[in-house]
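Peer 1: sequence and predicted model, in that order:
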Amino acid sequence: MKIIKSTLSIVLLLGVLLSTVVVQGQATTAANTAVSKVVVTFTGDSTTTKGFTWYTNLDSTNSDLQVCKKTGSTPDFSKAVKFTGKASVSTNSPSEYFHKAEAIGLKANTTYYFRVGDAARGIWSDIGTFQTAPEKGAFTFIDIADTQAKSEDEAILASQTIAKAVATVNNAKFLAINGDLVDTGANENEWNWLLGHSQQSLLNTTILPCAGNHEDDKNSFIEHFNIKPAVNSSVTTGAYYSVNFRNAHFIVLNNNEDSPEYADFTPAQINWLKDDVKTAKAAGAKWVIVIMHKGPYTTSNHATDNDIMGANGVRTKVAPILAELGIDFVLQGHDHIYARTSPIKAGAATPAAKITEMLNGKTIEYTMKPDGTIYLIPSTAGPKVYYKNKKIDPHYYDLFEVADEHHAAVYGPDKNDTRRPMRGQIQNFIGITIDGSKLTAVSYEIDQNKNNAEPYIIDQFGISK
Ligand SMILES: [Fe+2]
Ligand SMILES: [Fe+2]
């Protein structure tokens, strides 16, 4: 009896050992899926550096990045430049590491192949590409807002918008996202869905992300993006930072630093903004562009929120500072509707001459040497949309050049929330080109019910300095 028991134990033990080997074997052969949520960002000088973030399980303790110049259709990583980063346990998902690494000493205006992973374990991401910033000439970038999917299906929709934007806007150097990337920053599933379904786009695009109010907790913003926050920036609620790209300086604000003085910002952030603009202009920046999630000039529900229009609100206190600082253009999110303003200074639209040209077979108006800041909200790249604000003083809309009802309104109210138009019908993105003293913006729409859900132009406008 004793012998039978011992034999049984040995057989069971062998079975367990064997199944462990098989499981480990599966993990090893599934190498490319072992590295997830790969995102490329700016970490400093956009001509010579690049930041990378990715996720693995806790077996991959090494954070290896390999980079080689793109000279042919396949990379030769045996000649790669190797960089080592750092792994940290994810706040949202303690069974995962988020890894960050930085490539430095790169050559300007150059395309590179890259892969990230754990060299010792032979686990690598799919191969991606990135470009460093050029030192001269025009450039184009994409702007979107509020991908903010609550389910995997909605994340697929948002990822399709990103893929269509990248395919439509020729040679975009980066993708700016004006906040609310996910609906609940602390829910790692939502990041898995968005970054997972966008992975092929993200492997070949640099992201310029802005934290929205939906990324305001548990380090969820900073752990997904390798950016360089400003010295005093909070990193638990998002982050504020800036990036030079060619003749433009991009300032990404964080509306999640509440204070009595400025509602959504601390005095330290506003002081940094002032200093940062001065430094950038002294260094020769021709354009200064601010990206902020809760913008002062939008046209839906949030336009009448207290943190926007109250005594210490963004419109009341921060917008006049932006005009004083000579900010050219502000990219906003949060209000889930498309709108753009005239130049605004001290709360009023300032008159400016216009020049009309032809572009894409349509007319385009350039505002000439505006004395004030122009604001744009690109509606949403995801499912959630809002009606135009009917509560606000109608004269408020005199500040706008485009302040239409949301195009999704034609599909009627959402059956689960009749305060809003039907979710998931309309998505938008903008292609923005800066060529010397000329900025040209082309706004695209995707209507799931029209044109085979392929993007078409709904608006185009320009600024000439
Ligand atoms: Fe949002
Ligand atoms: Fe928001």
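Peer 2: Perfect, I can see it now. Ligands and ions are numbered 1, 2, ... in the order given.
Peer 1: neighbours around the residue in the stretch 351-465 of the chain that ligand 1 sits nearest to, how many?
Peer 2: At 6.3 Å from ligand 1, residue 384 is the closest residue in the stretch 351-465 of the chain, using CB to the ion. Every C-beta, even on glycine, is put in place using the N, C-alpha and C of the backbone. Close neighbours of residue 384, defined as other CB atoms under 10 Å, add up to 22.
Peer 1: ok, now residue 339?
Peer 2: The burial count for residue 339: 27, using other CB under 10 Å.
Peer 1: quick one, what contacts the residue in the chain positioned nearest to ligand 2?
Peer 2: Nearest to ligand 2, among the residues of the chain, is residue 334, at 3.7 Å (CB to the ion). Counting by CB atoms under 8 Å, 6 or more residues apart in numbering, residue 334 touches 145-146, 178-180, 212-213, 255, 293-295, 298, 302, 377.
Peer 1: I'd like those residues written out as JSON lines, with secondary structure, pLDDT and distance to residue 266 added.
Peer 2: Below are those laid out as JSON lines (DSSP: H, G, I helix; E, B strand; the rest coil; pLDDT from 0 to 100; distance: CB to CB, whole Å):
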{"residue": "145", "secondary structure": "coil", "pLDDT": "98", "distance to residue 266": "23"}
{"residue": "146", "secondary structure": "coil", "pLDDT": "98", "distance to residue 266": "24"}
{"residue": "178", "secondary structure": "coil", "pLDDT": "98", "distance to residue 266": "20"}
{"residue": "179", "secondary structure": "coil", "pLDDT": "98", "distance to residue 266": "17"}
{"residue": "180", "secondary structure": "coil", "pLDDT": "98", "distance to residue 266": "21"}
{"residue": "212", "secondary structure": "coil", "pLDDT": "98", "distance to residue 266": "17"}
{"residue": "213", "secondary structure": "helix", "pLDDT": "98", "distance to residue 266": "15"}
{"residue": "255", "secondary structure": "coil", "pLDDT": "97", "distance to residue 266": "11"}
{"residue": "293", "secondary structure": "strand", "pLDDT": "98", "distance to residue 266": "15"}
{"residue": "294", "secondary structure": "strand", "pLDDT": "98", "distance to residue 266": "14"}
{"residue": "295", "secondary structure": "coil", "pLDDT": "98", "distance to residue 266": "18"}
{"residue": "298", "secondary structure": "coil", "pLDDT": "98", "distance to residue 266": "22"}
{"residue": "302", "secondary structure": "helix", "pLDDT": "98", "distance to residue 266": "20"}
{"residue": "377", "secondary structure": "strand", "pLDDT": "98", "distance to residue 266": "24"}
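Peer 1: max pairwise distance over the residues you listed: which two?
Peer 2: 213 and 377 (14.8 Å; CB to CB).
Peer 1: all helices of the stretch 301-450 of the chain, in order?
Peer 2: Applying DSSP state H, counting those that start in this stretch to the stretch 301-450 of the chain gives helices spanning 306-309, 319-324.
Peer 1: for the last one, which helices and strands make contact with it?
Peer 2: Pointing back at helix 319-324 there. Helices and strands in packing contact with helix 319-324 are listed as helix 267-282, strand 344-345; criterion 3 or more CB pairs under 8 Å, 6 or more residues apart in numbering; DSSP states H and E.
Peer 1: also the shortest one?
Peer 2: Under the contact definition 3+ CB pairs under 8 Å, 6+ apart, helix 306-309 sits against no other helix or strand.
Peer 1: run the chain-centre distance for that helix.
Peer 2: In terms of CA atoms, centre = their mean, to the nearest Å, the centre of helix 306-309 is found 24 Å from the chain centre.
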